[in-house]
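[1] here is my input, please return the structure:
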Amino acid sequence: MSNENKQQHEQEQEEAEQKEQDQEQEMADVMEGQVIEEQDEADEESAEAAHQAKIADLNNRLLRVQADYDNFRRRSREEKEAAAKYRAQGFIEELLPALDNFERALSVKPEGEEAKSLAQGLNMVYNQLQEALKKEGVTAIETVGQPFDPHLHQAVMQVEEEGFESNQVVEELQKGYKLKDRVLRPSMVKVNA
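    Numbering: from 1, shown residues only. The predicted model follows:
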């Protein structure tokens with residue numbers, strides 16, 4: 001082989017080697033690019049999953065806060081309604097002993113014209129008081145002849161009376177009252193055994 005041919009052969013070999021190296025480098029770059037793309041996709045999917053989890057958590061928190069707020073509003077409304085409905089309860093409870101005394105005074109048979117006139121005046125005031133209480137929703141609890149109800153009656157004695165069934169109220173010792181559907185004071189009663 002001539003010297004010139006040898007040089008040409010070496011140059012061709014170098015070019016071939018260079019070409020092979022370029023191809024290898026190109027393949028490596030492509031592979032690296034694919035790996036980076038895959039890594040980017042994985043990162044994006046991971047970030048998307050984290051965002052979705054955060055959104056779900058925030059939605060849950062929002063729902064809980066909304067439910068708490070709805071409960072708070074409902075409780076507040078019920079408390080306001082109850083406060084309006086039973087606004088006179090304290091005053092009426094203070095008035096009950098005076099009503100009891102009125103009834104005791106009216107149960108006494110007056111003697112003489114002056115006492116009868118006084119009793120008549122007392123009776124009128126008592127009736128006005130009863131009307132005012134009725135307008136507020138105050139009612140007396142029924143007792144005699146009714147079945148004993150521990151929610152409405154307070155049994156202080158048990159007796160055996162003919163003409164009454166077992167566990168039936170025989171006598172009322174102190175009148176009980178309700179304000180609308182709430183018991184202000186249970187009736188004090190005797191119950192048949």
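[2] now the helix or strand harbouring residue 102: buried residues?
    Residue 102 belongs to helix 89-107 when assigned by DSSP states H and E. By neighbour count on 16 or more other Cβ atoms under 10 Å, the buried set for helix 89-107 is 89, 92, 95, 96, 99, 102. (Glycine included, C-beta is placed from N, CA and C.)
[3] out of those, flag the one nearest to residue 50.
    Checking the buried residues of helix 89-107 against residue 50 with Cβ to Cβ, the nearest one is residue 89 at 56.5 Å.
[4] so what pLDDT did the closest one get?
    Note on residue 89: pLDDT of 89.
[5] nearest residue to it other than its sequence neighbours?
    The shortest distance from residue 89 to any non-neighbouring residue, by Cβ to Cβ, 6 or more residues apart in numbering, is to residue 179 (5.6 Å).
[6] got a list of what that neighbour touches?
    Neighbouring residues of residue 179 by Cβ atoms under 8 Å, 6 or more residues apart in numbering: 86, 88, 89, 92, 136, 137, 138.
[7] any chance of the residues you listed in JSON lines, with distance to residue 68 too?
    Formatted as JSON lines, the contacts of residue 179 follow (distance: Cβ to Cβ, whole Å):
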{"residue": "86", "distance to residue 68": "27"}
{"residue": "88", "distance to residue 68": "33"}
{"residue": "89", "distance to residue 68": "30"}
{"residue": "92", "distance to residue 68": "36"}
{"residue": "136", "distance to residue 68": "35"}
{"residue": "137", "distance to residue 68": "33"}
{"residue": "138", "distance to residue 68": "37"}
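[8] out of those residues, which end up buried?
    Neighbour counting by 16+ other Cβ under 10 Å classes 86, 89, 92, 138 among the contacts of residue 179 as buried.
[9] quick one, what contacts the third one?
    Residues in contact with residue 92, defined by Cβ under 8 Å, 6+ apart, are 133, 136, 138, 177, 179, 184.
[10] re earlier: ok, of the contacts of residue 179, which one's closest to residue 33?
    Distance to residue 33 across the contacts of residue 179 (Cβ to Cβ) is lowest for residue 86, with 78.2 Å.
[11] pLDDT score for residue 1?
    Note on residue 1: pLDDT of 57.
[12] quick revisit: any chance of CSV for the contacts of residue 92, columns secondary structure and distance to residue 146?
    Converted to CSV, the contacts of residue 92 look like this (DSSP: H, G, I helix; E, B strand; the rest coil; distance: Cβ to Cβ, whole Å):
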residue, secondary structure, distance to residue 146
133, helix, 21
136, coil, 23
138, strand, 19
177, strand, 15
179, strand, 19
184, strand, 18
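[13] with the contacts of residue 179 in mind, which one is nearest to residue 73?
    Proximity of the contacts of residue 179 to residue 73 was ranked by Cβ to Cβ; the top entry is residue 86 with 20.6 Å.
[14] any weak-confidence spans in the chain?
    Along the chain, segments meeting pLDDT under 70 span 1.
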